[in-house]
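Trainee: Here is my input, please return the structure:
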Amino acid sequence: MLRTELRSRTAAKRGVMRGRSAAACLTAIAVLGLAAAGCGSSSSNGGGSSPGATPASSASGGSGGGSTGSSGGGGKGSILIGTIAGTTGAYGSTGVAMVNGAKLAVQDINAAGGISGRKFNLTTANDNASATVASQEYQKMVSNGAVAITGSGDTGPATAAMSGRLQIPDIGVVDDAGITVYPKGPSQPPLPWAWSFGLNTFAWGAKDAEYALKNCKSLAVLHDPSTYGGGGDDAIKLAYKNAGKSIALDEAITENWSTGATVGLTSELNKIKSAGADCVVVWLTPQDTAAFVQAMHSAGDNFTILGNDEINADNTFANLAGAQADGAIGATITSLMTPSAALKDFMKRYQAEFHVAATPFAEATYDSVKMLAQVIKDNGGKTDPKSLQAGLNGVKDFPGLTGTLTLSATKHATIDESQLTAVKYVAAKKQWVPLTSGQ
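Mentor: Numbering: from 1, shown residues only. So this is what the prediction gives:
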């Protein structure tokens, strides 16, 4: 269980960092009547779009975009769902993958005849890492009849807060679970209307700590101050506390998620050397992680780099860092290392449809939409919020692309540490390979 002081420290980080400014939060409150706590939990970093700017939305699937779904029982119209994701900026490739995963799921559901004779419609929006925009889009989608929303990866705290306020399920990649879904720690109850699929900051942080405790003399941690970075940081600190050890250096780094512009990290290199660390968890964007690795090599340093769940989610980090990425440590969902027939088929179709390789974010979002469809089917076509909530909390052994998935009233994240395998980047092969048992 996370200590009270650990939770308080995390809450304090969120209060300082979430959202780009107090004005952004005030805008959201004025426009939507949001609770201040929900707005204050925004995970967007750095500069970016104007708080009041709403990006264009798109719709697909079923009998055409814009059709409203039934929020009641077994209606006869199409079933509308939404996807909110940052498809531009530092994590733009993640957002695009989420949208693409939802699109393929809707295509597959409709190709099979829909659910209870009803087709799915999908509407999507780019939140551009803005909590205000994400909140506005959530409200708009629900007003248009969406029965559930997937996302957001960038602004999960905002969408998770909206799910509770509106009591409409938030599923898929919700800020990679962690503090966003379990604000009081992994052993405490989750938010009742948010379920996160796939990557989980608590799990990846614990995996980093597991490697470091076995292989590192001293550890430094650089992380963004959002719920995303906070979840990984908390898991690492908890593992070190349980091992009776302490972390040599823990630094929060403010990034610019909206544009992806890198930040200067030279001063952090000096702090790490002064602290005597030989390993560094760099829980930052792939761009900033690559920039740190390059700065490290330029300075003649040779720390072992451990990453977050983005370091090997796609090729962004490896392409930017090049040969200097060699030896970096990450983790991957074990079931994805030996793809099932269903996953192989998905990856093939995804590549053909979008001309890019699928990522865990696409697969997790696909799983969330397909699971939602199964819940609606099992509920006799009911799409009212309480039926969906009860159905999601009752899912057991769902055959997903990311593994066999189970949820409950206390389990709102599909992946934990036991489902991960540590991997290392081998530059000569341009591949992430599993670590051997001795590593």
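Trainee: what ranges do the helices span in the stretch 201-350 of the chain?
Mentor: For the stretch 201-350 of the chain, applying DSSP state H, counting those that start in this stretch gives helices covering 201-215, 227-242, 266-275, 286-298, 316-321, 334-337, 341-354.
Trainee: Export these as CSV, with columns for mean neighbour count.
Mentor: Every C-beta, even on glycine, is put in place using the N, C-alpha and C of the backbone. Compiled in CSV, the helices of the stretch 201-350 of the chain are given as follows (neighbours: other C-beta atoms under 10 Å):
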stretch, mean neighbour count
helix 201-215, 24
helix 227-242, 24
helix 266-275, 15
helix 286-298, 21
helix 316-321, 21
helix 334-337, 16
helix 341-354, 14
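Trainee: Quickly, which of the ones you listed bottoms out on average pLDDT?
Mentor: Sorting those by mean pLDDT places helix 334-337 lowest, at a mean of 91.
Trainee: Select, out of the helices of the stretch 201-350 of the chain, the one closest to residue 373.
Mentor: The closest of those to residue 373 is helix 341-354. By C-beta to C-beta, the value is 15.0 Å.
Trainee: Show me the contact partners of that closest one.
Mentor: Contact partners of helix 341-354, identified using C-beta atoms under 8 Å, 6 or more residues apart in numbering, comprise 100-101, 104, 335-336, 339, 356-358, 362-363, 366, 399, 401.
Trainee: same thing but 6 Å
Mentor: 100, 358, 401 (C-beta atoms under 6 Å, 6 or more residues apart in numbering).
Trainee: what's the following helix or strand after that helix?
Mentor: Once helix 341-354 ends, the next helix or strand along the chain (criterion: DSSP states H and E) is helix 360-378.
Trainee: Please state the offset of that following helix from the chain centre?
Mentor: Counting by C-alpha atoms, centre = their mean, to the nearest Å, helix 360-378 is centred 15 Å from the centre of its parent chain.
Trainee: Tell me which residues of that helix come out buried.
Mentor: 360-376 (16 or more other C-beta atoms under 10 Å).
Trainee: what does stretch 153-168 give?
Mentor: Going by neighbour count (16+ other C-beta under 10 Å), the buried part of stretch 153-168 is 153-163, 165-166, 168.
Trainee: among those residues, which one has the lowest pLDDT?
Mentor: Least confident of these in the model: residue 154, at 90.
Trainee: C-alpha coordinates for stretch 408-418, PDB please?
Mentor: C-alpha atoms of stretch 408-418 as PDB (Å, rounded to 0.1, in the frame of the first residue of the first chain):
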ATOM      1  CA  SER A 408     -13.900  -6.400 -11.400                       C
ATOM      2  CA  ALA A 409     -15.100  -3.600  -9.100                       C
ATOM      3  CA  THR A 410     -11.600  -3.400  -7.600                       C
ATOM      4  CA  LYS A 411      -9.600  -4.300 -10.800                       C
ATOM      5  CA  HIS A 412      -9.800  -1.500 -13.400                       C
ATOM      6  CA  ALA A 413      -6.500  -2.000 -15.100                       C
ATOM      7  CA  THR A 414      -6.000  -5.000 -17.400                       C
ATOM      8  CA  ILE A 415      -2.200  -5.300 -17.000                       C
ATOM      9  CA  ASP A 416       0.000  -5.700 -13.900                       C
ATOM     10  CA  GLU A 417       3.700  -6.300 -13.400                       C
ATOM     11  CA  SER A 418       3.400 -10.100 -13.600                       C
END
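Trainee: which outside residues touch it?
Mentor: 177, 181, 190, 195, 196, 197, 200, 203, 206, 207, 393, 405.
Trainee: separation between the nearest residue to residue 299 once chain neighbours are set aside and residue 283?
Mentor: Using C-beta to C-beta, 6 or more residues apart in numbering and skipping residues adjacent in sequence, the residue nearest residue 299 is residue 269, 5.6 Å away. Distance, residue 269 to residue 283, by C-beta to C-beta, to the nearest Å: 16 Å.
Trainee: so who does residue 330 touch?
Mentor: Going by C-beta under 6 Å, 6+ apart, the list of residues near residue 330 reads 307, 311, 312, 423.
Trainee: By neighbour count, which of the residues you listed wins?
Mentor: In terms of neighbour count, residue 311 stands highest of the contacts of residue 330 at 29 neighbours, by other C-beta atoms under 10 Å.
Trainee: pretty sure it is in contact with residue 318, am I right?
Mentor: No: contact criterion C-beta atoms under 6 Å: residue 311 and residue 318 do not qualify, at 8.5 Å.
Trainee: show me the contacts for the residue positioned nearest the centre of the chain.
Mentor: In the chain, the residue lying closest to the centroid (C-alpha atoms, centre = their mean) is residue 176, at 2.9 Å. By C-beta under 6 Å, 6+ apart, the residues touching residue 176 are 199, 201.
Trainee: The one 4 residues further on too?
Mentor: With contacts taken as C-beta under 6 Å, 6+ apart, residue 180 has the following neighbours: 156, 157, 160, 174, 227.
Trainee: again, only using 10 Å
Mentor: By C-beta atoms under 10 Å, 6 or more residues apart in numbering, residue 180 lies in contact with 14, 41, 43, 152, 155-161, 170, 174, 190-191, 194, 196, 201, 226-228, 230-231, 413.
Trainee: next one: residue 81
Mentor: 61, 69, 102, 105-106, 109, 120-124, 141, 145-150, 169, 171-172, 368-369, 372-373, 383.
Trainee: Relative to residue 196, how far out is residue 175?
Mentor: 7 Å.
Trainee: Overlap of the contact sets of these two?
Mentor: 153, 156, 160, 181.
Trainee: Okay, the closest residue to the second one other than its chain neighbours and residue 107: tell me how far apart.
Mentor: Leaving aside its sequence neighbours, residue 156 sits nearest to residue 175 (C-beta to C-beta, 6+ apart; 2.2 Å). Shown here: residue 175 relative to residue 107, a distance of 26 Å by C-beta to C-beta.
Trainee: Equivalent analysis for residue 366, please.
Mentor: Counting by C-beta to C-beta, the gap from residue 366 to residue 107 is 10 Å.
Trainee: ditto for residue 429
Mentor: In terms of C-beta to C-beta, residue 429 sits 34 Å off from residue 107.
Trainee: and what of residue 207?
Mentor: Distance, residue 207 to residue 107, by C-beta to C-beta: 33 Å.
Trainee: shouldn't the residue nearest to residue 299 be in contact with residue 301?
Mentor: Yes: using C-beta atoms under 10 Å, residue 269 is in contact with residue 301, at 6.3 Å.
Trainee: quick revisit: could you pick out the buried ones from the contacts of residue 81?
Mentor: Listed as buried from these are 61, 69, 102, 105-106, 109, 120-124, 141, 145-150, 169, 171-172, 368-369, 372-373, 383; burial here means 16+ other C-beta under 10 Å.
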